[in-house]
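Novice: Predicted coordinates and the sequence they were generated for:
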Amino acid sequence: MKVSVDRSVCYGSAECAHRVPDVFAFEDGYGVVRPGREESADDPQILEAAERCPSQAIVLTERRAEAE
Ligand code: SF4
């Protein structure tokens with residue numbers, strides 16, 4: 001799965017960046033996925049970060065859907 005952050009929803013709590021700093025960063029008031037870490041979504045920490053994001057802004061996308 002791929003992971004991304006929907007900026008239109010993120011309200012900048014920075015929880016993702018604190019929880020999984022290897023994958024998420026906090027830039028310009030928003031959570032962002034670090035370049036090159038978009039394919040990290042199979043990591044249980046990412047799933048937890050997505051579940052705990054207070055605005056549900058962390059989006060997990062099936063790779064299969066992109067290939068179609
Ligand atoms: S945890 Fe969610 S709301 Fe908070 S910075 Fe990350 S994406 Fe944005």
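Specialist: On my side now, so go ahead. Numbers count the residues shown, from 1 in each chain.
Novice: Please name the bridge partners of the closest residue to the ligand within the chain.
Specialist: The ligand sits closest to Gly31 of the chain, with a gap of 2.8 Å, by C-beta to the nearest ligand atom. (C-beta placed from N, C-alpha, C; glycine too.) On the basis of DSSP bridges, Gly31 takes part in beta bridges with Phe26.
Novice: what does the chain have sitting close to the ligand?
Specialist: 5, 10-16, 31, 53-55, 57-58 (C-beta under 6 Å from any ligand atom).
Novice: what about burial for those residues, which qualify?
Specialist: The neighbour-count criterion (16 or more other C-beta atoms under 10 Å) marks 5, 10, 15-16, 31, 53, 57-58 among the residues of the chain next to the ligand as buried.
Novice: Can you tell me which of those is nearest Gln45?
Specialist: Sorting these by how near they are to Gln45, with C-beta to C-beta, puts Cys16 at the top with 10.0 Å.
Novice: Quick check: phi and psi at that closest one.
Specialist: Geometry field for Cys16 lists phi and psi as phi -60, psi -40, criterion degrees, to the nearest 10.
Novice: Apart from its neighbours in sequence, what residue is nearest it?
Specialist: Phe24 (4.0 Å; C-beta to C-beta, 6 or more residues apart in numbering).
Novice: counting contacts, what elements does the lengthiest helix in the chain pack onto?
Specialist: Ranked by number of residues, the top helix in the chain under DSSP state H is helix 44-52. Using 3 or more C-beta pairs under 8 Å, 6 or more residues apart in numbering; DSSP states H and E as the contact definition, the elements that helix 44-52 packs against are helix 15-19, strand 58-61.
Novice: Mean pLDDT for those - can I get that in CSV?
Specialist: Listed next are the helices and strands packed on helix 44-52 as CSV, based on pLDDT from 0 to 100:
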stretch, mean pLDDT
helix 15-19, 98
strand 58-61, 95
